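Everything below, folded, please.
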Amino acid sequence: MHLGTTGCKAKKLLSYLNNIEPKKLILNGHIIDTWQLNEQNFPKQHLKVIKKIMDMAASGVEVIYLTGNHDEFLRKFTGTNIGNIYLLLTKK
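Got it, this is the predicted structure:
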């Protein structure tokens, strides 16, 4: 997904998320790209994707977030869950 980059296809991603009804959503790393993250690269559309994922979790969808190297800042929270959102470390 690489949210926070100019190449992110957030609009298409949001459309996809709005058209599925999963019981479990697995985010396989590189969700928020902190290597290139800055205000100019994080428009409202990217925030809408995050909000949609949070709304899905709030409605009962189990969200598994596997951290990749571009979102390594979250690794210090490995094993943490916030409601239905679980942060796990991607094995190398």
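
Let me see the ranges of the helices in the protein.
In the chain, the helices defined using DSSP state H lie at 10-18, 44-58.

so can I have TSV of these showing distance to residue 32, mean neighbour count and mean pLDDT?
In this view, the C-beta of every residue, glycine as well, is placed from N, C-alpha and C. TSV is the format used below for those (distance: least, CB to CB, whole Å; neighbours: other CB atoms under 10 Å; pLDDT from 0 to 100):
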stretch	distance to residue 32	mean neighbour count	mean pLDDT
helix 10-18	12	14	95
helix 44-58	8	15	94
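
center of this structure - which residue?
For the chain, residue 31 is the residue whose C-alpha lies nearest the centre (CA atoms, centre = their mean; 4.4 Å).

ok, now which ones touch that one?
By CB atoms under 8 Å, 6 or more residues apart in numbering, the residues touching residue 31 are 1, 2, 3, 65, 68, 71.

any chance you could read off phi and psi for it?
phi -80, psi -60 (degrees, to the nearest 10).

which secondary structure elements does the helix-or-strand element of the chain with minimal mean pLDDT contact?
The helix or strand of the chain with the poorest confidence is strand 85-89; it has a mean of 85 (mean pLDDT, DSSP states H and E). If contacts are counted by 3 or more CB pairs under 8 Å, 6 or more residues apart in numbering; DSSP states H and E, strand 85-89 sits against helix 44-58, strand 62-67.
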